[in-house]
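Undergrad: Build me a model from this:
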Amino acid sequence: MAARAGMHLAAAAFWIGLLLLVCPIAGRLLSSGASGVERIGLVVLLGMALYGVKLLHSPTGFTFVDELQHMTTANAILSSGHLFGVNSVLPVSPLYPSSEIIADALDTVGGLPLFASGVILMAAARLILVLALFLYYRQVGGSARIAGLGVLIYMANPNFLYFDAQFSYESLALPLAILVLYALARRVDAQANHRIGLTALLVLVLPGLAVTMALFPWQTLTLAARILFTLGLSVCVTGLVGYALNLTGAGLQRVWWIGALGYLTQVAIILAAYRLRGDERFQARMVSLAPPRDPLPAWLAGRTPSIRLSRGTCLLFALAAVIVVAAFSLNYVNANEETGPGFTQLWMVPAATDVVSLGVTNHEGSAVRYRLVLSLSSGTLASWPNLEIGSGRTWTDSVKLPSWLPFGVELTATLFRDSDPHAAPYRHVTYWIH
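TA: Residues are numbered from 1 along each chain as shown. Okay, the predicted model is just below:
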């Protein structure tokens, strides 16, 4: 907020805020008194807090260039219901639509806006990344202290704060790649009768917690590892289901999303119930509702770690929570109240070999009446003479192209601010058929 207002001390306040986030957690991770569970909580807290810094930068919408490019691909999938379209701004984006597929599922099934879907997806990706890094380092190094320091060093890389938190393909690819490394490390160290589930994880993934319970005996995973695999498998299966729906020709529609994910989850639950039917330890835990405990490292075997919070510490935590909530609230309100010149976004992208998808988004600040004309050099192909679009709303439609159009023909979409046929063009976009 201070940077938007042009205050000279904005940069200093930003770095001081980062130091206040990182230094206390780094000090605790460096100490020898923290337990393994506490170290997991600390790295997760720091990772999600740094993601909150990115949200404070753009609390109401995507603003980074890469995010806007991938949003174009996501909008094309939402409007056409199919993958692998064309993005003239970033041609490679439609070929790797993993983030867009999951955002489409959240938008289509849950009715969330695209920005909210992207924020939720990237938050889950950040949680997977931090947990996977910690568990991988602990698996390889054999120490929760080393794992915590390794994650802390990784978070110091300059891309972690913004670039790896934006709505883009690398933000989801990195966490899944590290999850695979952790699965490989576990498989190398696992007993022979436990390797089947880990190998199946790397070959075939099914939805979330039910699949984790079906693949692994209950006692072979810690709580942190179970959460990690649950999130990772859920992300993976959603992407695979999206690809499968695209191949069927039905498209990425709500009824197919719900049916496919629900069916696979039910199958996984049945498999999990079959595998766990004779697991006495699992049944005892279900009766007592007692969560499993991570085994203590050797240097803590003689004592049980405990956390004692004084009244002053509790007050400090409460004050920190108030400051965080106030910061998000002020930044969100300030971003919403910022005024600037309004604009209208017009796009035209291929939805299929003989279909183009058109869209108009109104960012003018009030409802606007538009007129849209789709034309060839020989004349008008289609027109929408009276489009009433509210502020912040989007209109989309698809047009099937005539089969007689030759290659290389120029197709132009022209947008007018009102329905007056003599008004000057407000926006236009051109597409060459090839």
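
Undergrad: Relative to residue 34, how far out is residue 40?
TA: 10 Å (CB to CB, to the nearest Å). To be clear about C-beta, it is placed using only N, CA and C from the backbone, and glycine gets the same treatment.

Undergrad: And those two? Which one has more around it.
TA: Neighbours per residue (other CB atoms under 10 Å) separate residue 40 from residue 34, with residue 40 holding more: 25 against 20.

Undergrad: What are the boundaries of the strands in this structure?
TA: 343-352, 355-363, 368-376, 379-389, 394-400, 410-416, 425-432 (DSSP state E).

Undergrad: and the last one, average pLDDT?
TA: Pointing back at strand 425-432 there. Across strand 425-432, the average pLDDT comes to 85.

Undergrad: Contacts for it next, please.
TA: 344-350, 356, 370, 408-417 (CB atoms under 8 Å, 6 or more residues apart in numbering).

Undergrad: for the stretch 201-350 of the chain, which spans come out with low pLDDT?
TA: Applying pLDDT under 70 to the stretch 201-350 of the chain flags residues 201-223, 226-227, 229-231, 233-234, 236, 249-250, 254-255, 257-259, 261-341.

Undergrad: rewinding a little: nearest to residue 22, out of the strands of the chain?
TA: strand 355-363 (36.4 Å; CB to CB).

Undergrad: Strand partners (parallel or antiparallel) of the closest one?
TA: With DSSP bridges as the test, strand 355-363 is paired with strand 343-352 (antiparallel), strand 394-400 (antiparallel).

Undergrad: Report the separation between residue 376 and residue 358.
TA: Per CB to CB, residue 376 is found 15 Å from residue 358.

Undergrad: Looking only at neighbour counts, state which of these two leads.
TA: Ranked by neighbour count (other CB under 10 Å), residue 376 and residue 358 place residue 358 first, with 23 against 15.

Undergrad: domain assignment for this structure?
TA: 10-297, 343-432 (automatic domain parsing).

Undergrad: tell me the most buried of the ones you listed?
TA: domain 10-297 (a mean of 18; mean count of other CB atoms under 10 Å).

Undergrad: Extract the residue ranges of the stretch 1-150 of the chain that are flagged as low pLDDT.
TA: 1-8.

Undergrad: what about 90?
TA: By pLDDT under 90, the weakly predicted segments of the stretch 1-150 of the chain are 1-18, 20-21, 30-37, 56-117, 120-121, 124, 128, 132, 139-142.

Undergrad: so where do the helices sit in it?
TA: With helices called from DSSP state H, counting those that start in this stretch, the stretch 1-150 of the chain shows them at 10-30, 36-57, 65-80, 98-110, 114-141, 144-155.

Undergrad: can you tell which of the strands of the chain is closest to residue 247?
TA: Among these, strand 343-352 sits nearest to residue 247 (CB to CB), with 14.5 Å.

Undergrad: quick one: contacts for residue 399?
TA: 355, 356, 358, 374, 381, 382.

Undergrad: hmm, try it at 6 Å
TA: Residue 399 sits next to 356, 382 when contact means CB atoms under 6 Å, 6 or more residues apart in numbering.

Undergrad: Over to residue 137?
TA: Taking CB under 6 Å, 6+ apart, one finds 147, 150 in contact with residue 137.

Undergrad: again, 7 Å this time
TA: Contacts for residue 137 (CB atoms under 7 Å, 6 or more residues apart in numbering) come out as 146, 147, 150, 151.

Undergrad: Quick check: the gap between residue 159 and residue 239.
TA: In terms of CB to CB, residue 159 sits 23 Å off from residue 239.

Undergrad: let me fix that: residue 409
TA: Counting by CB to CB, the separation of residue 409 from residue 239 is 36 Å.

Undergrad: and if you look at residue 384?
TA: With distances taken as CB to CB, residue 384 is found 35 Å from residue 239.

Undergrad: does residue 407 really touch residue 401, like I thought?
TA: No. With contact defined as CB atoms under 7 Å, residue 407 does not reach residue 401; the gap is 11.7 Å.

Undergrad: Please tabulate the strands paired with strand 355-363 in TSV and include distance to residue 248 as additional columns.
TA: Formatted as TSV, the strands paired with strand 355-363 follow (distance: least, CB to CB, whole Å):
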stretch	distance to residue 248
strand 343-352	15
strand 394-400	19
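
Undergrad: out of those, which comes closest to residue 90?
TA: strand 343-352 (11.9 Å).

Undergrad: before we move on, the earlier item: between the strands of the chain, which one is closest to residue 251.
TA: Nearest of these (CB to CB): strand 343-352, 10.3 Å.

Undergrad: Next, the angle from the closest one to strand 379-389.
TA: Going by axes from the mean of the first three to the mean of the last three CA atoms, to 10 degrees, strand 343-352 is angled at 130 degrees with respect to strand 379-389.

Undergrad: Just the CA atoms of strand 343-352, as PDB, please.
TA: The C-alpha trace of strand 343-352 is given here as PDB (Å, rounded to 0.1, in the frame of the first residue of the first chain):
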ATOM      1  CA  PHE A 343     -10.700  -0.500 -20.400                       C
ATOM      2  CA  THR A 344     -12.300  -3.400 -22.200                       C
ATOM      3  CA  GLN A 345     -10.600  -6.600 -23.200                       C
ATOM      4  CA  LEU A 346     -11.500  -8.300 -26.500                       C
ATOM      5  CA  TRP A 347     -10.100 -11.600 -27.600                       C
ATOM      6  CA  MET A 348     -10.600 -14.200 -30.300                       C
ATOM      7  CA  VAL A 349      -8.900 -17.600 -30.200                       C
ATOM      8  CA  PRO A 350      -9.400 -20.800 -32.100                       C
ATOM      9  CA  ALA A 351     -11.500 -23.300 -30.200                       C
ATOM     10  CA  ALA A 352     -11.200 -26.000 -32.800                       C
END
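
Undergrad: Which residues does that strand contact?
TA: Against strand 343-352 from outside (CB under 7 Å, 6+ apart): 76, 80, 82, 85-86, 356-364, 398, 413, 415, 426-427, 429, 431.

Undergrad: That one vs helix 65-80, what angle?
TA: Using the same axes, to 10 degrees: strand 343-352 against helix 65-80 is 60 degrees.

Undergrad: and the angle for strand 343-352 with strand 368-376?
TA: Inter-element angle recorded for strand 343-352 and strand 368-376: 40 degrees (by the same axes, to 10 degrees).

Undergrad: I'd like the numbering to begin with 31 instead of 1 from here.
TA: Understood, numbering begins at 31; the last thing we discussed is strand 373-382.
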